[in-house]
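1. Let's see this in three dimensions:
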Amino acid sequence: MKKLPIVLLCLSLMIPSLGGFASAQEKAKSATDQKQEQQGDADLAPNAVSAVLIDRDTGTILYEKNGHKALPPASITKVMTMLLIMEALDKGEIKLTDKVRTSEYAASMGGSQIFLEPGEEMSVEDMLKGIALASGNDASVAMAEHIAGTEKAFIDKMNARAKQLGMNDTTFLNTNGLPVSGHVSSAHDIALMSRELLKHEGITKYTGLYQDYLRKNSKKPFWLVNTNRLVRFYTGADGLKTGYTSEAKYCLTATAKRGNMRVIAVVMGAPDSKTRNQEVASMMDYAFNQYDSQPLYKENQVIKTVPIEKGKQETVNIVVPYRFSMLVKKGEKADQYQKEINLKADLKAPITKGVKIGEVLIKKDGKTVSSVDLVAANSVEKAGWWELFKRSTRKMFGG
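-> The predicted structure is shown next:
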């Protein structure tokens with residue numbers, strides 16, 4: 001189908017609203033061209049092996065150091081585990097109140113854990129807390145088995161999802177990040193999956209907690225303290241996940257929101273937890289000091305209503321599926337940027353809800369700096385011949 005340019009407008013004419021969410025790969029590619037200009041000579045993570053700083057809404061890379069270097073991610077692996085849990089909740093495949101039974105295998109996990117016993121049952125919500133706060137390896141495996149039947153089947157889902165997200169530096173071999181040769185990711189890929197996880201805004205209800213309890217009313221209450229100390233000490237921080245093994249050293253993917261702007265900072269291979277936290281804080285300080293986020297679209301905002309040929313419905317709403325904002329360097333004016341909306345022409349039924357119908361491009365100096373997909377708000381089935389006949393008759397006689 002050919003694309004039809006609909007409109008090109010200066011952003012200064014737009015009425016601000018809450019933002020949406022853009023396609024990760026497209027923004028990462030466009031941002032790479034500007035990366036040197038954006039990060040300048042800043043050395044924000046001198047002691048980390050690799051690091052990436054991105055704006056959540058646009059995916060713009062604000063700082064990068066060895067971003068595609070494949071390294072052991074340790075417990076940051078659990079970002080993908082949590083993503084698949086949140087997606088299963090959204091699809092109705094599981095509920096927060098469901099009871100998850102712990103297998104002997106899940107209970108046998110070493111490293112960080114919530115000390116699940118074989119046969120012990122715990123709600124999905126408590127398992128999620130155990131993963132998000134205490135980095136429970138046992139809880140990760142228990143949830144994997146609950147969702148997919150076996151850990152192996154869940155790992156297959158993890159790798160398939162990573163491929164969909166364009167995480168080309170990543171191979172998952174387990175659900176929790178315990179050391180195994182060949183289990184690798186990169187700061188770039190971790191930023192991508194962290195960004196995807198943050199589409200599920202409810203996740204920060206758990207990752208943003210500093211402390212909580214499991215088995216609170218039992219004889220053996222378990223005190224959870226978030227391994228990510230930034231949620232307590234850094235203004236606006238509410239996630240996401242720490243990691244440490246002797247091979248991986250100290251790793252962290254962190255997120256913070258101030259005003260309309262949310263950023264994601266990833267460091268891998270820091271020498272100790274203090275340095276890791278300091279460098280992540282420096283990266284996020286840089287983003288908040290240098291940039292502003294200007295909201296453009298709220299989630300599911302209707303952009304246009306377009307006709308559908310041969311559908312049971314004759315039109316469909318085109319929407320922005322997620323928050324989307326424009327990232328502007330402080331001191332720049334909004335009218336330096338332009339918005340271009342492109343929609344596919346001659347749409348024909350059937351149309352599936354969520355299918356891409358077009359895109360919004362944000363441009364500066366003729367170059368695309370960010371974009372967001374436009375999708376169908378609902379499915380449209382193909383009309384039967386009798387309905388099409390009646391419709392043609394009405395049009396013929398002006399009815």
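
2. Quick one: find the helix or strand in this structure with the lowest mean pLDDT.
-> Every helix and strand of the chain was ranked by mean pLDDT, DSSP states H and E. The lowest is strand 3-10, at a mean of 41.

3. give me every residue that touches residue 313.
-> Counting by C-beta atoms under 8 Å, 6 or more residues apart in numbering, residue 313 touches 378, 380. Bear in mind the C-beta positions are built from the backbone N, C-alpha and C, glycine included.

4. Quick check: phi and psi on it?
-> phi -100, psi 150 (degrees, to the nearest 10).

5. can you check residue 375 too?
-> Dihedral angles (degrees, to the nearest 10) for residue 375: phi -130, psi 160.

6. Tell me how many other residues surround it.
-> By the criterion of other C-beta atoms under 10 Å, residue 375 has 23 neighbours.

7. beta partners for it?
-> Assessed by DSSP bridges, residue 375 has beta-bridge partners residue 319, residue 356.

8. show me the contacts for it.
-> Per C-beta under 8 Å, 6+ apart, neighbours of residue 375: 318, 319, 321, 353, 354, 355, 356, 357.

9. now do 10 Å
-> Residue 375 is in contact with 300, 303, 316-322, 351-359, counting by C-beta atoms under 10 Å, 6 or more residues apart in numbering.

10. how about the nearest residue to residue 127, chain neighbours excluded?
-> Nearest residue to residue 127, sequence neighbours excluded (C-beta to C-beta, 6 or more residues apart in numbering): residue 139, at 4.7 Å.

11. How about residue 354?
-> Sequence neighbours aside, residue 375 is the residue nearest to residue 354 in space, at 5.1 Å (criterion: C-beta to C-beta, 6+ apart).

12. follow-up on the earlier one: quick check, the residue nearest to residue 127 in a helix?
-> Yes - the assignment for residue 139 is a helix, going by DSSP: H, G, I helix; E, B strand; the rest coil.

13. right, and it touches residue 103 too?
-> No - using C-beta atoms under 10 Å, residue 139 is not in contact with residue 103, being 12.0 Å away.

14. between those two, what contacts are shared?
-> Here residue 139 and residue 103 have residue 116 as joint contacts, going by C-beta under 10 Å, 6+ apart.

15. Checking the residue nearest the centre of the chain next. Helix, strand or coil?
-> The chain has residue 196 as the residue nearest its centroid, 1.4 Å off, counting by C-alpha atoms, centre = their mean. Secondary structure state of residue 196, per three-state DSSP, is helix.

16. for it, what are its contacts?
-> By C-beta under 10 Å, 6+ apart, the contact list for residue 196 reads 21, 24, 79, 80, 83, 86, 87, 161, 162, 164, 165, 167.

17. Quick one: the residues you listed as TSV, columns for neighbour count too.
-> Shown next, in TSV, are the contacts of residue 196 (neighbours: other C-beta atoms under 10 Å):
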residue	neighbour count
21	23
24	19
79	29
80	31
83	22
86	20
87	18
161	17
162	22
164	9
165	18
167	25
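
18. of those residues, closest to residue 251?
-> Nearest to residue 251 out of those is residue 79 (C-beta to C-beta; 10.8 Å).

19. what does stretch 377-385 contact?
-> Stretch 377-385 is contacted from outside by 300, 302-303, 305, 308-319, 321, 347-355, 357, 388-391, using C-beta under 10 Å, 6+ apart.

20. May I have that stretch exported as PDB, CA atoms only?
-> C-alpha atoms of stretch 377-385 as PDB (Å, rounded to 0.1, in the frame of the first residue of the first chain):
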ATOM      1  CA  ALA A 377      -8.000   1.500  17.400                       C
ATOM      2  CA  ASN A 378     -10.100  -1.500  16.800                       C
ATOM      3  CA  SER A 379     -10.600  -4.500  14.400                       C
ATOM      4  CA  VAL A 380     -12.800  -4.100  11.400                       C
ATOM      5  CA  GLU A 381     -14.200  -7.300   9.900                       C
ATOM      6  CA  LYS A 382     -14.900  -7.700   6.200                       C
ATOM      7  CA  ALA A 383     -18.600  -7.100   5.400                       C
ATOM      8  CA  GLY A 384     -20.700  -9.800   3.700                       C
ATOM      9  CA  TRP A 385     -22.000  -9.500   0.100                       C
END
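
21. Poorly predicted segments of this protein, please.
-> Along the chain, segments meeting pLDDT under 70 span 1-42, 398-399.

22. Now the top helix by length along it: buried residues?
-> Longest among the helix segments of the chain by residue count, using DSSP state H, is helix 273-290. Of the residues in helix 273-290, 275-277, 279-288, 290 count as buried by neighbour count, 16 or more other C-beta atoms under 10 Å.

23. What of stretch 371-381?
-> Under the neighbour-count criterion of 16+ other C-beta under 10 Å, stretch 371-381 has 371, 372, 373, 374, 375, 376, 377, 379, 380 buried.

24. From one end of it to the other, what's the distance?
-> From its first residue to its last, stretch 371-381 covers 29 Å (C-alpha to C-alpha, to the nearest Å).

25. Could you do stretch 97-116 as well?
-> One end of stretch 97-116 sits 18 Å from the other (C-alpha to C-alpha).

26. Next, report how far it is displaced from the centre of its chain.
-> 26 Å (C-alpha atoms, centre = their mean, to the nearest Å).

27. Can you identify each of the helices in this structure by residue range?
-> Using DSSP H, the helices of the chain run over 24-39, 78-90, 104-107, 124-132, 137-148, 151-164, 187-197, 204-207, 230-233, 273-290, 385-396.

28. and those helices as a markdown table, adding distance to residue 364?
-> What follows is the helices of the chain, written out as a markdown table (distance: least, C-beta to C-beta, whole Å):
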| stretch | distance to residue 364 |
| --- | --- |
| helix 24-39 | 9 |
| helix 78-90 | 31 |
| helix 104-107 | 50 |
| helix 124-132 | 37 |
| helix 137-148 | 42 |
| helix 151-164 | 29 |
| helix 187-197 | 21 |
| helix 204-207 | 31 |
| helix 230-233 | 32 |
| helix 273-290 | 16 |
| helix 385-396 | 45 |
